[in-house]
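Q: mind looking at a prediction? Sequence and model below.
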Amino acid sequence: DAGVTQSPTHLIKTRGQQVTLRCSPKSGHDTVSWYQQALGQGPQFIFQYYEEEERQRGNFPDRFSGHQFPNYSSELNVNALLLGDSALYLCASSYYGTGGGRDSPLHFGNGTRLTVT
Amino acid sequence: GQQVMQIPQYQHVQEGEDFTTYCNSSTTLSNIQWYKQRPGGHPVFLIQLVKSGEVKKQKRLTFQFGEAKKNSSLHITATQTTDVGTYFCAGRRGGYQKVTFGIGTKLQVIP
């Protein structure tokens, strides 16, 4: 049973560039949430996708966008990268169903370590 | 917006000592979850508490949810070196509301 997989594991980009991170949820999960974790901090919620739509969004600028595909996989895009975007980006999947799974816990991938120089 | 505060931020204990971390939410929660992140790893789900005043145990770990569903604690009895890591509480307000994480408590266990 495959867990949450993220790619790439590491990425180095230059200020102003754009980046795309990918996530495949755990088998049976239909919801994907993205988090940003700076060093020594807790994960900060970016947004959540369900049924191919952004359902919830945290306090992140529009430079952060995402997408969910029919197979439930997801992408996180960040435009016009800033030095402060350097962090570990975590994808977490969960099951919502038609609401019966609304309290299901998050299963995290290993993350993508993004460094902006 | 919703905030989840966690103390202490760091804790060093001798192996065999007990450890407690506390979590407080600015709003009433529908449930609270606890995660453990080992150094260099990703958060791993430990447990979820849903009911007011709920207490759950996992071997040496005891989790509590406050009566007002705004605070929680994790207590580890007789710590071991395998307990090293950062413990996060994470609160959900309801439905499919986002899960908000605390800053975490980094536990170091001295052998």
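A: Sure thing, it's come through.
Q: so after the strand or helix carrying A:Leu90, what's the next helix or strand?
A: Per DSSP states H and E, A:Leu90 falls inside strand A:87-94. Next along the chain after strand A:87-94, taking DSSP H and E as the criterion, comes strand A:107-108.
Q: name the next helix or strand following that next one along the chain.
A: strand A:112-116.
Q: picking up where we left off before, now do the strand holding A:Leu90 against strand A:112-116, angle only.
A: 150 degrees (axes from the mean of the first three to the mean of the last three C-alpha atoms, to 10 degrees).
Q: for strand A:87-94, packing partners?
A: With contacts defined as 3 or more C-beta pairs under 8 Å, 6 or more residues apart in numbering or on different chains; DSSP states H and E, strand A:87-94 has these neighbours: strand A:5-7, strand A:19-24, strand A:31-37, strand A:74-78, strand A:107-108, strand A:112-116. The C-beta positions use only the backbone N, C-alpha and C, and glycine is treated the same way.
Q: give me the sheet partners of the host helix or strand of A:Glu54 and which way each runs.
A: Taking DSSP H and E as the criterion, A:Glu54 maps to strand A:53-57. Using DSSP bridges, strand A:53-57 pairs in its sheet with strand A:44-50 (antiparallel).
Q: CA atoms only for the strand it pairs with - export them in PDB, please.
A: C-alpha atoms of strand A:44-50 as PDB (Å, rounded to 0.1, in the frame of the first residue of the first chain):
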ATOM      1  CA  GLN A  44       1.900  26.200   7.800                       C
ATOM      2  CA  PHE A  45      -1.300  25.500   5.800                       C
ATOM      3  CA  ILE A  46      -1.100  26.700   2.200                       C
ATOM      4  CA  PHE A  47      -4.300  25.200   0.700                       C
ATOM      5  CA  GLN A  48      -6.400  22.100   0.400                       C
ATOM      6  CA  TYR A  49      -7.800  20.400  -2.700                       C
ATOM      7  CA  TYR A  50     -10.900  18.200  -3.000                       C
END
